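Colleague: sequence and predicted model, in that order:
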Amino acid sequence: MAGDKGKPKRPAPKGRSGRGKGGSGKLPVALAIALPAVLVGGFLAYHASPWFSGHVDDAASRVKGWFSSEPRVGGGGQAGDPGVVGPGPEQSGEPVFKEPVGPAMDQPLPDGPLVEPAPGTGPDPALDPSVAPAGKDGPSVPRSQESKGPSAGGQGAGASAKKVLPRQERKAVVTAEVPISARQAQKLATTLFGGKVLSATSGRGEPWYTIRLSGGKKRYPFDVTPARVLVSTTALSGPFLRNGSGFVALLRVEDPSGAEWTSCFVGATLFKGTVRAPGAVVGSTAMQAPRGRIVRQEAVDTQGDGVAELVLEIESEGPQGALFRDLGVHSFSAGGTVGRWTVRTLDDAPGLPADSAEFRNVKFKDRDGDGKLEIEVQAGRRSFKIKEDMSREVAGEKVVSRVTYRLDRGRYVVDKTKR
């Protein structure tokens, strides 16, 4: 008894062995149950919730960009939109799709304002400090012409200025270039074409957002599957409607899997409301433009009624190095879009290379002071010298004809008295 009493007793191992063995066994079991549940739940949420899938795709796109060999930077980025790098401040006024592409793009881009004041009816916009520029490199519109019109602006030009009747006074047309954020661009794309956003990016020096869509549907006049939609980083905001204002977003819609010369449409869409709170789609205008880009966009009040029309000039390419530019005047109403007038402003083949090209210079001017703008077109031919390396340099150009178009019942017709 004494020996047993003096011998120390070994503590029972049940506490350590019971908790240790049971705890180490429960952890793998819990992980084996939880991980598949999380994966299945994430898979269901990804396919059931556009919001969740969009955030996942945005995050994946951002991570992919971190490891990309080509940096993508922007000025300030887009808060809460990690998959998109926004344009920097230096891009905000750049015309859309202005980058040179294709073979030997040696034709000059359109320059100067589309609208010219009538002689003796207003100050020279090149000398007038009150000119309000539409963009960094874009055309300018005199504030005096917007608020008072060319007729009213000439009242102080001298005794020879024509007296303006009240019904001939031009109403104020004030338009502005407003920025579009990355998230707003995605919303505009899905509003037009539906589907789900797979990715949205804006790279270095690019003045548009490239949005990849899945499940999008064709929408006239963009007659192509909208697998890739490019939305401009700026919009034209102003009184494009008789009973309200809206904003115009410039678009390029592509189907990369389609035929090379038929799978790209370039144009614009008018939305009611503002960029921050867009309303219904009023109407769109677009043309088939292989590798197309917009070289000029401007809001012009052609009818003198205070409602702005949209002037678009679109460049496109063709087989064998062909190069074209087409300009059109478009107006919007509750019934949709109306094409008022169109003309081909360039027919060239720099990739051939051709030794001559046909061009047309277009200007809007109120010749008779009635508040409506006529269109003056100078048609000409530009000649080139072909070098040994098949590049070209301009040898000269010549204007071969001049035609004036006037408004007649809402459409432009040739003014035979002013050819």
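Modeller: Sure thing, it's come through. All of these numbers come straight from a predicted model, not from anything done at the bench. Numbers count the residues shown, from 1 in each chain.

Colleague: what about the stretch 101-250 of the chain, any weak spots by pLDDT?
Modeller: Within the stretch 101-250 of the chain, the segments meeting pLDDT under 70 span 101-105, 118-172, 204-205.

Colleague: swap in 80 and give it another go.
Modeller: Counting by pLDDT under 80, the stretch 101-250 of the chain has low-confidence residues at 101-106, 117-173, 203-206.

Colleague: please enumerate the strands of it.
Modeller: 115-116, 131-133, 140-142, 176-179, 196-201, 208-214, 228-241, 244-254 (DSSP state E, counting those that start in this stretch).

Colleague: helices and strands around the strand ranked longest in the chain, which ones?
Modeller: In terms of residue count, the longest strand belonging to the chain (DSSP state E) is strand 392-408. Using 3 or more CB pairs under 8 Å, 6 or more residues apart in numbering; DSSP states H and E as the contact test, the elements touching strand 392-408 are strand 374-386, strand 411-414. For every residue, glycine as well, the C-beta is placed using N, CA and C.

Colleague: between the strands of the stretch 101-250 of the chain, which one is closest to residue 312.
Modeller: Closest of the strands of the stretch 101-250 of the chain to residue 312 is strand 244-254, at 8.1 Å (criterion: CB to CB).

Colleague: what's the angle from the closest one to strand 228-241?
Modeller: 160 degrees (axes from the mean of the first three to the mean of the last three CA atoms, to 10 degrees).

Colleague: now the angle between strand 208-214 and strand 244-254, please.
Modeller: 70 degrees.

Colleague: what's strand 244-254 packed up against?
Modeller: helix 182-193, strand 228-241, strand 264-273, strand 278-288, strand 293-300.

Colleague: again, only this time at 7 Å
Modeller: strand 228-241, strand 264-273 (3 or more CB pairs under 7 Å, 6 or more residues apart in numbering; DSSP states H and E).

Colleague: would you mind giving the ones you listed as JSON lines with distance to residue 320 and mean neighbour count added?
Modeller: Shown next, in JSON lines, are those (distance: least, CB to CB, whole Å; neighbours: other CB atoms under 10 Å):
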{"stretch": "strand 228-241", "distance to residue 320": "26", "mean neighbour count": "24"}
{"stretch": "strand 264-273", "distance to residue 320": "18", "mean neighbour count": "23"}
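
Colleague: out of the ones you listed, which gets nearest to residue 210?
Modeller: Nearest to residue 210 among these is strand 228-241; the distance by CB to CB comes to 5.5 Å.

Colleague: residue 235 bridge partners, please.
Modeller: residue 178, residue 249 (DSSP bridges).

Colleague: now the residue lying closest to residue 322 once chain neighbours are set aside: how far from residue 370?
Modeller: In this structure, residue 322 finds its nearest non-sequential neighbour in residue 349, 5.1 Å apart by CB to CB, 6 or more residues apart in numbering. Distance, residue 349 to residue 370, by CB to CB, to the nearest Å: 41 Å.

Colleague: then residue 196?
Modeller: 51 Å.

Colleague: compare the two (neighbour count), which wins?
Modeller: Just comparing residue 196 and residue 370: by other CB atoms under 10 Å the higher neighbour count belongs to residue 370, 18 against 15.

Colleague: and for residue 32, the neighbour number?
Modeller: 10.

Colleague: give the contact list for residue 399.
Modeller: Residues in contact with residue 399, defined by CB atoms under 7 Å, 6 or more residues apart in numbering, are 378, 380.

Colleague: so what sits opposite it in the bridge?
Modeller: With DSSP bridges as the rule, residue 399 is bridged to residue 380.

Colleague: I'd say residue 266 and residue 289 touch.
Modeller: Yes - between residue 266 and residue 289 there is a contact at 4.2 Å, judged by CB atoms under 7 Å.
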